[in-house]
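> give me coordinates for this.
(2 chains)
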Amino acid sequence: MRTPITAAVAVLALGGLTGLTACSSSETSSGTDGADKKIAVAATDTECKVATADLAAGTSTFTVTNNGSKVTEFYVYAAGDRVMGEVENIVPGLTRDMVVELPPGMYEATCKPGMTGKGIRNPLKVSGEHKPLTDDAQLAEAVAGYKRYVKSQSDVLLVKTKEFADAVKAGDIDKAKQLYPVARTYWERIEPVAEIFGDLDPAIDARENDVAEGEEWTGFHRIEKDLWVKKNVSGDGPLADKLMADVTTIVEKANATELSPVQLANGAKELLDEVATGKITGEEDRYSHTDLWDFDANLQGSKAAVQALRPVLEERAPDLVKTLDAKFAAAEQALGRHRSGDGWQLHTELSKDDLRLLSDAINALSEPISKVAAVVAK
Amino acid sequence: MSGISRRKLFGLGAAGVAAAGAVGAGALAGRSLGGDSATVTSDESSASAPVPFYGAHQAGITTPAQDRLHFVALDVTTEKKAELVELLQEWTAAAARMTQGKDAGTFGAVGGDPEAPPDDTGEALGLPASGLTLTIGFGPSLFDKFELADRRPSSLADLPAFPGDALIPEISGGDICIQACAHDPQVAVHAIRNLARLGFGKVAVRYSQLGFGRTSSTSRAQATPRNLMGFKDGTANLKLEDTEMLREHLWAAPGDGPAWMDGGTYLVTRKIRMHIETWDRAPLSEQEAIFGRDKGVGAPLTGRDEFDEPDLAKTGSDGKPVIADDSHVRLAHPSLHGGARILRRGYNYVDGSDGLGRLDAGLFFMAYQRDPHKQFVPIQQALAAKDSLNEYIKHVSSGIFACPPGLADAGDYWGNSLFA
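Prediction:
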């Protein structure tokens, strides 16, 4: 219901917007080089203090310090809780950086102490002229190349998930068990893109303990439990259909979404974080113990993202590229020892020493990979 | 600068208007400066200061009673537990913000996308936190839903019918209640309005009640206020300084009932309509005899000062008790109920007039306690049976709610202990 008063307010707001554009572009004369200016975020169990509520468009680095007693997470959400950037698992006392590319708009800078609930949200107004990183032809090609990768993987993901779902619906437990780690391979390679759509990822990939009270546990791991523990999938038809529907939706979204080169870099890092927190511990596939399939897929997905950025990295940080090559090779070699036929040994077949070696290899790779985002944002 | 306080935004608003009058530049410069200090009052008196949201117990119970109330009872309309839990999380985040004087949503009444409806309704812009507390409780009917029956505490059993009850179902009960108390009525109303807005489609407002002029003191630092009958009310109330008594009479302890209520408390609400006009025609001596207290200072009829202990055994020259057998102070006295005490936190209300020229007014009685069936119920049974005050009052609504313990931090949410 628009009244003349509303119209007047709208004009006023517009005046404000003009003022902002003018003042922020003069304030940040360093232009798009926002990555150099770090925005401090002081998180506690009850507070989330972000150093600024106004940002110039482009890439920014948030430095998140957890002064609380609970593990926390930091997100920048666009409308509808679309994840623009995230850092998970910030343990008390730790400081972690997050690089994110933000076009003009309204965002919410959010801390989630205890990694639950709606979090403590702060407004973030991003304004000014935005020169997307993809204006750079090299970076644009990097994103285009990675999107081709996502497309190729997601095409097979649809096929393999369908085969898996069909086997579950047919009650063919042996076939479903065989297809389970295969379908997941394609999922795990591109999971960072899926995580952008926050609400769908859990529906597909939540572990039993990830599910909030009152929510139904669905997706791969629910069916995994029925296949390996209950050894009965006779009632899982609707779950299989839902999995297929959710995967189809997320694939459509993933292929339609615009990606920033910074997201590629962060995705490469997040995939290794996944390995470190979920696969090495055997928590991901706790019933089937097929964690090494996921491990391998995460590693490949990470490599694909770095590979897409390679021309840029070679030009801007040739030493980093050498390190990455060496560490990727070392990680692949460490994992390669556990090949078994077409697939991998089960997590339960690995000794503590085996796991230790894998963990060290992933840590050695994660460290240089965490530097990629800042190079890309430069 | 995290979260923009309403006060700062108010400063911005003024700056924005001024700037628009000029050229329009600098409207947002005002905001990024964190508000124009010229328009920010430096008055941080206790009436405007925020009350901490996190703690072992919910705020709004032993918090020194604020002057204003907006109470709402809601029914859950969604059949999906996940949607209710989601709403409770959204409510908690909004409550954490509003009690600290911030807008209900991240962007606030004027800071968001001009094409979208604001995430705060705006009527509290420029107002301080005003001591706002938001306190949640769960009613018995909630436990008939979502397979919660085995989590329902026995202390949350429905209240029995009392003689003389004239309860109106539409303004009684409720699956969930939220008590908003503040020193500024606009702040209390704003809080309930914004929480109700977040709830559309998941919960529906069953009834709500505005109250003013706290009728109880919950701290020794507060003077005892008066109810609409003109008497001091709540002289013998439990007070926040009585730590030992609070432990005994107010907070649910481990072993009392289900563990999710440990550190919580139970709320009984009664809307008590007063027949104001007939009361006003009663002689002073009758009014004082009914209460058993002096109207001026509030002393028991056997004493001289407000806080003198009533001498229930004392008889007058006529051989009758000075404090009559059917007087309010005697019938409600702890000595008649095995020492049972309650923490009263009620408010006066006036809902206009009733169409016959009479004030539609009375007391919105609220009392917190460890177990209503051992505390409120026996007291009310005695009052309902004999209290000479009954001639002048009528109980028209009733509610009982389990108020869970407080929230530890921002990862916690209202009802977490119940639904977890």
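> contacts, neighbours, all on C-alpha from now
Fine.
> can you report phi and psi for the closest residue to chain B within the stretch 251-378 of chain A?
Closest residue of the stretch 251-378 of chain A to chain B, C-alpha to the nearest C-alpha: residue A:277 (21.0 Å). Dihedral pair for residue A:277: phi -90, psi -30, per degrees, to the nearest 10.
> residue 108: what secondary structure?
All of this refers to chain A. The local conformation at residue A:108, judged by DSSP: H, G, I helix; E, B strand; the rest coil, is strand.
> my read: it touches residue A:122, true?
Yes: counting by C-alpha atoms under 8 Å, residue A:108 touches residue A:122, with 5.4 Å between them.
> between those two, which contacts overlap?
residue B:106 (C-alpha atoms under 8 Å, 6 or more residues apart in numbering or on different chains).
> follow-up on the earlier one: ok, the residue of the stretch 251-378 of chain A closest to chain B to residue A:74 distance?
Per C-alpha to C-alpha, to the nearest Å, residue A:277 is found 17 Å from residue A:74.
> compare the two (neighbour count), which wins?
residue A:74 (31 against 14; other C-alpha atoms under 10 Å in any protein chain shown).
> tell me if that one really is in a helix.
No: read with three-state DSSP, residue A:74 is strand and lies in no helix.
> surely it and residue A:108 touch.
No: at 10.3 Å, residue A:74 does not count as touching residue A:108 under the criterion of C-alpha under 8 Å.
> distance check, residue A:198 against chain B.
Per C-alpha to the nearest C-alpha, to the nearest Å, residue A:198 is found 15 Å from chain B.
> where in chain A is pLDDT low?
Within chain A, the stretches with pLDDT under 70 are A:1-36, A:213-214.
> domain parsing of it, as residue ranges.
With domains defined by automatic domain parsing, chain A comprises A:30-131, A:135-377.
> which of the ones you listed sits most buried?
Highest mean neighbour count of these: domain A:30-131, a mean of 21 (counted as mean count of other C-alpha atoms under 10 Å in any protein chain shown).
> does any part of that domain sit near chain B?
Yes: applying C-alpha under 8 Å from any C-alpha of the partner chain, one finds that domain A:30-131 is in contact with chain B at A:45-54, A:106, A:108, A:112-123.
> what about the most centrally placed residue in chain B, which helix or strand?
Nearest to the geometric centre of chain B sits residue B:179, at 4.4 Å (C-alpha atoms, centre = their mean). For residue B:179, the element it lies in under DSSP states H and E is strand B:176-182.
> and the helices in chain A?
Taking DSSP state H as the test, the helices found in chain A are A:4-27, A:137-169, A:173-189, A:191-195, A:200-205, A:220-225, A:237-256, A:261-274, A:291-316, A:318-336, A:352-369, A:372-377.
> then the stretch 201-350 of chain B?
In the stretch 201-350 of chain B, the segments counted as helices under DSSP state H, counting those that start in this stretch are B:243-249, B:276-280, B:284-291, B:328-331.
> average pLDDT for the first one?
What that stands for is helix B:243-249. For helix B:243-249, mean pLDDT is 93.
> got the buried residues for it?
Residues of helix B:243-249 classed as buried by neighbour count (16 or more other C-alpha atoms under 10 Å in any protein chain shown): B:246, B:249.
> contact partners of that helix?
For helix B:243-249, contacts defined as C-alpha under 8 Å, 6+ apart pick out B:238-240, B:253, B:340-342, B:369-371.
> cross-check the residues you listed against chain A and keep the overlap.
Filtering the contacts of helix B:243-249 for proximity to chain A by C-alpha under 8 Å from any C-alpha leaves nothing.
> could I get these as CSV with pLDDT?
As requested, these are exported to CSV (pLDDT from 0 to 100):
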residue, pLDDT
B:238, 90
B:239, 88
B:240, 87
B:253, 97
B:340, 91
B:341, 93
B:342, 95
B:369, 97
B:370, 97
B:371, 97
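> closest residue of the stretch 151-300 of chain B to chain A?
Closest point on the stretch 151-300 of chain B to chain A, by C-alpha to the nearest C-alpha, is residue B:198, at 13.4 Å.
> average pLDDT across the helix or strand harbouring that residue?
For residue B:198, the enclosing helix or strand under DSSP H and E is helix B:185-199. Here helix B:185-199 scores 97 as its mean pLDDT.
> what helices or strands is it leaning on?
In terms of contacts (3 or more C-alpha pairs under 8 Å, 6 or more residues apart in numbering or on different chains; DSSP states H and E), helix B:185-199 is packed against strand B:68-76, helix B:81-98, strand B:176-182, strand B:203-214.
> does the first one reach chain A?
What that stands for is strand B:68-76. No: judged by C-alpha under 8 Å from any C-alpha, strand B:68-76 stays clear of chain A, getting no closer than 14.5 Å.
> what residues does that strand touch?
When contacts are defined by C-alpha under 8 Å, 6+ apart, strand B:68-76 is touched by residues B:84, B:142, B:173-185, B:188-189, B:192, B:202-214, B:347.
> for the second one, same thing?
Counting by C-alpha under 8 Å, 6+ apart, the neighbours of helix B:81-98 from elsewhere in the structure are A:117-120, A:212-215, B:53, B:76, B:78, B:103-105, B:129, B:132, B:134, B:146, B:191, B:195, B:198-199, B:202, B:410, B:413-415, B:419.
> now do the strand holding residue B:179: distance to the chain's middle.
Distance, stretch centre to chain centre, for strand B:176-182: 5 Å (C-alpha atoms, centre = their mean, to the nearest Å).
> which other helices and strands contact that strand?
By 3+ C-alpha pairs under 8 Å, 6+ apart, strand B:176-182 packs against strand B:68-76, strand B:133-138, helix B:185-199.
> give the contact list for the spatially closest residue to residue B:260 that is not a sequence neighbour.
Nearest non-adjacent residue to residue B:260, counting by C-alpha to C-alpha, 6 or more residues apart in numbering or on different chains: residue B:417, 4.8 Å away. Shown in contact with residue B:417 (C-alpha under 8 Å, 6+ apart): B:260-261, B:404.
> which strand or helix spans residue B:417?
Following DSSP H and E, one finds residue B:417 within helix B:416-419.
> what about that helix, distance to the chain center?
On the basis of C-alpha atoms, centre = their mean, helix B:416-419 sits 22 Å off its chain's mean C-alpha point.
> which parts of that helix are buried?
For helix B:416-419, burial by neighbour count (16+ other C-alpha under 10 Å) applies to B:416-419.
> can you check stretch B:307-325 too?
In terms of neighbour count (16+ other C-alpha under 10 Å), stretch B:307-325 has its buried residues at B:310, B:312, B:322-325.
> show me which of those is closest to chain A.
Minimum distance to chain A across those is 46.3 Å, recorded for residue B:310 (C-alpha to the nearest C-alpha).
> show the end-to-end separation of stretch B:107-116, please.
End-to-end distance of stretch B:107-116 (C-alpha to C-alpha): 11 Å.
> what about that stretch, near chain A?
Yes: contact of stretch B:107-116 with chain A (C-alpha under 8 Å from any C-alpha) involves B:107, B:112-114.
> narrow the residues you listed to just the buried residues.
Neighbour-count burial (16+ other C-alpha under 10 Å) is assigned, among these, to B:107, B:112.
> make JSON lines from the residues of stretch B:107-116 next to chain A and add secondary structure and pLDDT to it.
Below are the residues of stretch B:107-116 next to chain A laid out as JSON lines (DSSP: H, G, I helix; E, B strand; the rest coil; pLDDT from 0 to 100):
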{"residue": "B:107", "secondary structure": "coil", "pLDDT": "94"}
{"residue": "B:112", "secondary structure": "coil", "pLDDT": "88"}
{"residue": "B:113", "secondary structure": "coil", "pLDDT": "85"}
{"residue": "B:114", "secondary structure": "coil", "pLDDT": "84"}
